[in-house]
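Novice: fold the stuff below for me.
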Amino acid sequence: MLFLFCCVLLTADVLVPEIFGHGKTKDYGLWYWAGQQVLQGGALYPDVTQPFEYIYPPLPAILLAIPSWFGRIPLYVVLSILNAVAWWYTGIFSNAMTGSGRTPGRWLEALPAVVTVTFVFDMFDLGQPNLLLLAMMLYGFWSLQHQRSWLAGFMFALATAIKVFPVAVLPYLVWRRQWAAVVSMIAFTGILLYAVPGPIRGFERNAAELKTWYQGMVGSSSEKGFGQRDEQNWSWVNQSVIAMTHRLVRPINWNQDDPAKPPRTMNVIDVDYKTANWIVLAVSVALGLGFLAVMPSQRRRTARSDAEELGILFCLMTVASPLARQYYFMWLFFPMTVLMHRAAFDERPSVRLGTWIALGAAGILMLLSLPLFPLVIQAWGNNFVAASVLAGALAWHIRHPPVALVPAPQQG
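Specialist: Now for the predicted structure:
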């Protein structure tokens with residue numbers, strides 16, 4: 001009942017301004033425009049030298065065209081329902097995949113949704129698909145655990161074809177030798193990007209639009225920014241590894257998203273753009289190698305360690321996205337759920353207490369994004385640090401499982 005009540009309120013935030021006010025703002029108007037462009041045969045992207053309003057691949061626009069045909073309100077209703085369903089299944093899959101072997105009580109099951117409700121509000125208010133992508137990724141990993149590798153690959157591909165950053169899962173699948181899922185993901189990504197839009201947009205036109213999108217979003221990078229959102233890339237809005245590193249090593253104005261605000265910098269050293277990129281690469285490699293060092297070998301894997309491993313992966317995928325805005329950290333839902341199960345069910349009292357302390361620290365850090373706190377806290381990466389705390393706690397649990405789960409040495 002509480003879940004349904006929240007969904008009604010969040011949907012009202014979307015529909016009331018459209019029905020009784022001056023129209024819903026944020027990204028909703030853009031989604032309607034993209035759907036209408038497909039229906040009318042219009043262009044999705046301008047010339048590559050011009051800024052893009054719509055920065056996603058063609059597939060989402062085609063999916064949006066179906067409800068857009070009925071009008072704005074039906075489109076907004078469909079998007080709200082998708083967010084509500086994704087929120088529900090994110091909780092279901094997260095609690096089912098913790099590896100604790102225990103069924104949580106109602107309040108423990110609801111706790112991850114309660115502490116991330118501000119992120120969910122952003123999903124409804126902004127109309128962003130990150131919650132839907134999270135549900136897709138969780139369903140993909142749940143399918144992988146149940147030997148449905150091709151279905152898992154399809155879900156990973158669908159998420160990638162909607163908003164590219166989930167492609168970061170591919171190296172993990174390769175490392176864990178999930179070859180069927182790797183092949184499925186690559187094949188379905190190609191199908192969703194080329195074969196599905198082709199009959200609707202025309203194969204040559206779709207290929208040209210994909211090229212334009214790639215050049216404008218992926219192939220463009222400079223000191224000013226990247227991916228069509230120069231004013232956001234280096235500002236406090238972005239808490240990705242790339243943005244955090246550049247803000248710390250270059251004298252970048254983290255207030256640049258608002259020209260009316262005075263310039264502010266936070267760098268601790270001063271290097272040029274090329275050197276900063278090498279530092280980003282070094283930090284990324286260090287994070288990747290640290291993850292590999294923590295991951296247990298194949299023979300030592302358990303359902304518990306797999307959950308903790310995936311929790312770290314979700315933390316890394318969140319901050320690895322070139323643009324990690326506030327709502328991207330919705331993906332911390334699964335890592336927090338895993339740790340909440342450890343805090344509730346671990347047989348070691350000291351471990352339970354320490355896990356609650358880690359969760360509390362991460363929660364306090366995320367609360368610092370609320371409007372009453374200065375933006376400089378987000379410039380210094382409060383959500384980034386929260387993700388690091390969660391990943392560190394999960395890494396500790398991987399390396400220190402309960403004694404009953406440690407494989408006994410073989411007797412000679």
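Novice: any chance you could list what contacts the one helix or strand I62 maps to?
Specialist: I62 is part of helix 58-68, with elements assigned from DSSP states H and E. The contact list for helix 58-68, computed with CB atoms under 8 Å, 6 or more residues apart in numbering, reads 31-32, 34-39, 44, 54, 74-75, 77-79, 129, 161-163, 192-193, 196-197, 200-201, 206, 209-210, 213. (C-beta placed from N, C-alpha, C; glycine too.)
Novice: so which of the residues you listed sit within helices?
Specialist: Members of the contacts of helix 58-68 lying in helices (criterion: DSSP state H): 31-32, 34-39, 74-75, 77-79, 161-162, 200-201, 206, 209-210, 213.
Novice: filter the residues you listed to the buried ones?
Specialist: 31-32, 34-39, 75, 77-79, 161-162, 200-201, 206, 209-210, 213 (16 or more other CB atoms under 10 Å).
Novice: how about the helices of the stretch 201-350 of the chain, start to end?
Specialist: 203-217, 230-233, 241-249, 273-294, 303-320, 333-345, 349-367 (DSSP state H, counting those that start in this stretch).
Novice: for the ones you listed, which one sits closest to S388?
Specialist: Taking CB to CB, helix 303-320 is the member of those nearest to S388, at 7.5 Å.
Novice: ok, now how distant is the residue lying closest to L323 once chain neighbours are set aside from L313?
Specialist: In space, and not counting its chain neighbours, L323 is closest to N238: 5.5 Å by CB to CB, 6 or more residues apart in numbering. To L313, N238 is 21 Å away according to CB to CB, to the nearest Å.
Novice: what about the two, which has more around it?
Specialist: N238 (28 against 23; other CB atoms under 10 Å).
Novice: contacts only, for that one.
Specialist: 232, 323-325.
Novice: give me the contact list for stretch 280-296.
Specialist: Here stretch 280-296 makes contact (CB under 8 Å, 6+ apart) with 171, 175, 241-242, 245-246, 302, 305, 309, 312-313, 316, 320, 395, 398-399.
Novice: ok so, going back, dump the helices of the stretch 201-350 of the chain into JSON lines; add distance to E18 as well.
Specialist: Formatted as JSON lines, the helices of the stretch 201-350 of the chain follow (distance: least, CB to CB, whole Å):
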{"stretch": "helix 203-217", "distance to E18": "28"}
{"stretch": "helix 230-233", "distance to E18": "26"}
{"stretch": "helix 241-249", "distance to E18": "33"}
{"stretch": "helix 273-294", "distance to E18": "41"}
{"stretch": "helix 303-320", "distance to E18": "30"}
{"stretch": "helix 333-345", "distance to E18": "28"}
{"stretch": "helix 349-367", "distance to E18": "30"}
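Novice: most tightly packed of those helices?
Specialist: helix 333-345 (a mean of 25; mean count of other CB atoms under 10 Å).
Novice: any idea of the angle it forms with helix 349-367?
Specialist: Here helix 333-345 runs at an angle of 150 degrees relative to helix 349-367 (axes from the mean of the first three to the mean of the last three CA atoms, to 10 degrees).
Novice: which other residues reach helix 333-345?
Specialist: Counting by CB under 8 Å, 6+ apart, residues outside helix 333-345 touching it are 90-91, 94-95, 97-100, 102, 104, 108, 111-113, 115-116, 119, 134, 138, 307-308, 310-312, 314-315, 351-352, 355-356, 358-359, 362, 387, 390-391, 393-394, 397.
Novice: could you rerun that using 7 Å?
Specialist: 90, 94-95, 98, 100, 102, 104, 108, 111-112, 115-116, 134, 138, 307-308, 310-311, 314-315, 352, 355-356, 358-359, 390, 393-394, 397 (CB atoms under 7 Å, 6 or more residues apart in numbering).
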